[in-house]
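A.B. asks: Just to be clear, the model below is a prediction. Sequence and coordinates:
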Amino acid sequence: METILSWISQHQQMIYIVVLMIFVGIEVIGRVPSVLHTPLMSGANAIHGVVIIGAIIVMGKAEADNYPALILGFLAVILGTLNVVGGFVVTDRMLEMFKRRKINAKY
């Protein structure tokens, strides 16, 4: 128990920043109009490429016997990749709605 409390006291600023980021993220996303939600989220999902690169770096620097870091890095790569692909699929479908449809004229 003492080790957990000492870790919390050592990383107190980082914990505060993460909690504040959660509240700011909820507040920002909650105030986005529904019309802008899909384009905003599809663009934000593409930013997860940074998560993929960070996870690859973590996995590369982790020691071979550090299984938690390797497992979390692998999961981050998989989930980040799914999020990037999903963001591009949503963006592509959204852009398809704005294309003009061809009218088949029979003469």
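C.D. replies: Nice, thanks for sending it over.
A.B. asks: got a list of contacts for stretch 51-65?
C.D. replies: Residues outside stretch 51-65 that contact it (CB atoms under 8 Å, 6 or more residues apart in numbering): 69-70, 72-74, 76-77, 80-81, 83-84. In short, each C-beta sits where N, CA and C put it, glycine included.
A.B. asks: Now the buried members of the residues you listed.
C.D. replies: With neighbours counted by 16 or more other CB atoms under 10 Å, the contacts of stretch 51-65 contain buried members at 73, 76-77, 80, 83-84.
A.B. asks: Inside helices: which ones of the residues you listed?
C.D. replies: Using DSSP state H, the members of the buried ones among the contacts of stretch 51-65 that fall within helices are 73, 76-77, 80, 83-84.
A.B. asks: Show me the domain layout of this structure.
C.D. replies: By the assignment in automatic domain parsing, the chain contains the domains 1-31, 38-100.
A.B. asks: I'd like these as a markdown table, with mean pLDDT appended.
C.D. replies: Compiled in a markdown table, the domains of the chain are given as follows (pLDDT from 0 to 100):
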| stretch | mean pLDDT |
| --- | --- |
| domain 1-31 | 88 |
| domain 38-100 | 82 |
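A.B. asks: Deepest-packed of these, please.
C.D. replies: Using mean count of other CB atoms under 10 Å, the stretch among the domains of the chain with the greatest mean number of neighbours is domain 38-100 (a mean of 14).
A.B. asks: How far off centre is that domain?
C.D. replies: Average the C-alpha atoms of domain 38-100, do the same for its chain, and the two points are 6 Å apart (CA atoms, centre = their mean, to the nearest Å).
A.B. asks: show me the contacts for the residue nearest to the spatial centre of the chain.
C.D. replies: With distances taken as CA atoms, centre = their mean, the residue of the chain nearest its centroid is His48 (4.3 Å). Applying CB under 8 Å, 6+ apart to His48 gives the contacts 80, 83-84, 87.
A.B. asks: out of these, which one sits closest to Ile15?
C.D. replies: Distances from Ile15 to the contacts of His48, taken as CB to CB, are shortest for Gly80 (23.2 Å).
A.B. asks: Could you verify my assumption that that closest one touches Gly49?
C.D. replies: Yes - at 7.4 Å, Gly80 counts as touching Gly49 under the criterion of CB atoms under 8 Å.
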